[in-house]
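Colleague: A structural model of the following input is requested.
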Amino acid sequence: MSNNNDIELFNSDDCTKYVNQFIAEFPLRRAEIGQGTVIKRALPSRHKRMIGAWCFLDHAGPAHFPQGDGLDVGPHPHIGLQTFTWMIEGTMMHRDSLGSAQLLRPRQVNLMTAGYGISHSEVAPETETKMHAAQLWIALPDDMVNMAPAFDHYPELPVVEDQGIEFTVLVGEYLKAISPVKVHSELLGVDLYAADSTQAVLPLHPKFEYGFLALEGTASINGHELTEDNMVILEPGLDRVHIEIHAGSRVLLLGGEPFESPILLWWNFVGRTTEELKMAREQWIAEHERFGSIPAYEGPRLEAPAFPGHMRPSK
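Modeller: All right, here's what the predicted structure looks like:
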């Protein structure tokens, strides 16, 4: 789910019209990956590049397919980020150049820290027929961009029930529940599910910016309609928000302090200079030891796209 040839570098100036608004909404982009699996890309967008350190968000599925036709993303590299996958339905096998091999099941999280460099593959088991997931990237802080790579699997996450909503705390702290997922910035990630239609007032951190994405069904955020085709953004300054979630709906809430510095995001890399990204691309092409290998994967590695002539920083 991480091969993103259409990602470019973005300029925060494009977002100035939203700075003085507490709430904004924008449409998602659709694409197809694998064997008919539809993804909806929320971040980065020309309307909003990042939410805190969250710099990438794909909503994949829900998809149903014949056995053997599931997603198969061959080995590809990452630098300067953490990949975060929240599985809602189906299973996915993660393998990486550290030797990790982990089957990701529903209501579990895989967190891979790329740091200086790592490669991985993502493959649906032969018997799998379903897939529904959210995959996100977290930009590493300036002083941790080149940290050692790592992989962590989180089979259990804290769940809190309040105001008719089931809150699964994916990252950070919310409603006094703390996620075990290890990140390196002040971040929040929460899955909200309502079996029955309900209204609630959610506490917010005034220093955080926030984003709401509907993973299933529909909701309303301070009167702004939220569907599976748009995202609602809250700029810093709010300490609470009113939400109405319709029966059977699931919403992803992301938050974080605005990121410390502009980043360069291209293909599967996050860096600070074009030279970093060019070098990483050349090393991937040369099969440099920086990205290791995944001998268990049967098939070719992904090829790096051509490097763009001009890039602009994103924040």
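Colleague: can you tell me the closest non-neighbouring residue to the residue nearest to the spatial centre of the chain?
Modeller: Residue closest to the mean C-alpha point of the chain, counted by CA atoms, centre = their mean, is Leu136 at 0.9 Å. Spatial nearest neighbour of Leu136, chain neighbours left out: Phe84 (4.5 Å); criterion: CB to CB, 6 or more residues apart in numbering. Placement of C-beta: from N, CA and C, glycine included.
Colleague: ok, now how distant is that neighbour from Pro141?
Modeller: Distance, Phe84 to Pro141, using CB to CB, to the nearest Å: 16 Å.
Colleague: the two - which one has more neighbours?
Modeller: Set Phe84 next to Pro141 and count neighbours by other CB atoms under 10 Å: Phe84 wins out with 24 against 15.
Colleague: touching, that one and Ala133? I think so.
Modeller: No. Assessed by CB atoms under 8 Å, Phe84 is found out of contact with Ala133, at 10.5 Å.
Colleague: how far does the host helix or strand of the residue nearest to the centre of the chain sit from its chain's centre?
Modeller: Using DSSP states H and E, Leu136 maps to strand 130-139. Distance, stretch centre to chain centre, for strand 130-139: 5 Å (CA atoms, centre = their mean, to the nearest Å).
Colleague: tell me which helix or strand comes right after the worst-scoring helix or strand of the chain on mean pLDDT.
Modeller: When each helix and strand of the chain is scored by mean pLDDT, DSSP states H and E, helix 16-19 comes last, with a mean of 33. Next in sequence after helix 16-19, counting helices and strands by DSSP H and E, comes strand 23-27.
Colleague: by contact count, what packs against that following strand?
Modeller: Judged by 3 or more CB pairs under 8 Å, 6 or more residues apart in numbering; DSSP states H and E, strand 23-27 is in contact with strand 224-226, strand 230-234.
Colleague: what about Gln283, is that helix, strand or coil?
Modeller: helix (DSSP: H, G, I helix; E, B strand; the rest coil).
Colleague: any idea how far the residue of the chain most remote from its centre is from His242?
Modeller: Here the centre of the chain is the reference, and by CA atoms, centre = their mean the most remote residue is Ala286, at 28.2 Å. To His242, Ala286 is 54 Å away according to CB to CB.
Colleague: next: Gln67.
Modeller: Taking CB to CB, one finds Gln67 at 44 Å from His242.
Colleague: what about Lys176, how many neighbours?
Modeller: Residue neighbour count, defined by other CB under 10 Å, stands at 8 for Lys176.
Colleague: ok, it - contacts?
Modeller: Val160 (CB atoms under 8 Å, 6 or more residues apart in numbering).
Colleague: how far does the helix or strand hosting Glu32 sit from the chain's center?
Modeller: Using DSSP H and E, Glu32 falls within strand 29-33. Chain-centre distance of strand 29-33: 15 Å, with CA atoms, centre = their mean.
Colleague: CA atoms only for it - export them in PDB, please.
Modeller: The C-alpha trace of strand 29-33 is given here as PDB (Å, rounded to 0.1, in the frame of the first residue of the first chain):
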ATOM      1  CA  ARG A  29      -8.600  11.500  -4.300                       C
ATOM      2  CA  ARG A  30      -9.300   8.100  -5.500                       C
ATOM      3  CA  ALA A  31      -6.900   5.600  -7.000                       C
ATOM      4  CA  GLU A  32      -6.800   1.800  -7.600                       C
ATOM      5  CA  ILE A  33      -4.000  -0.500  -6.400                       C
END
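Colleague: which elements pack onto it?
Modeller: By 3+ CB pairs under 8 Å, 6+ apart, strand 29-33 packs against strand 37-43.
Colleague: which element follows the strand it packs on toward the C-terminus?
Modeller: Following strand 37-43 toward the C-terminus (DSSP H and E): strand 54-64.
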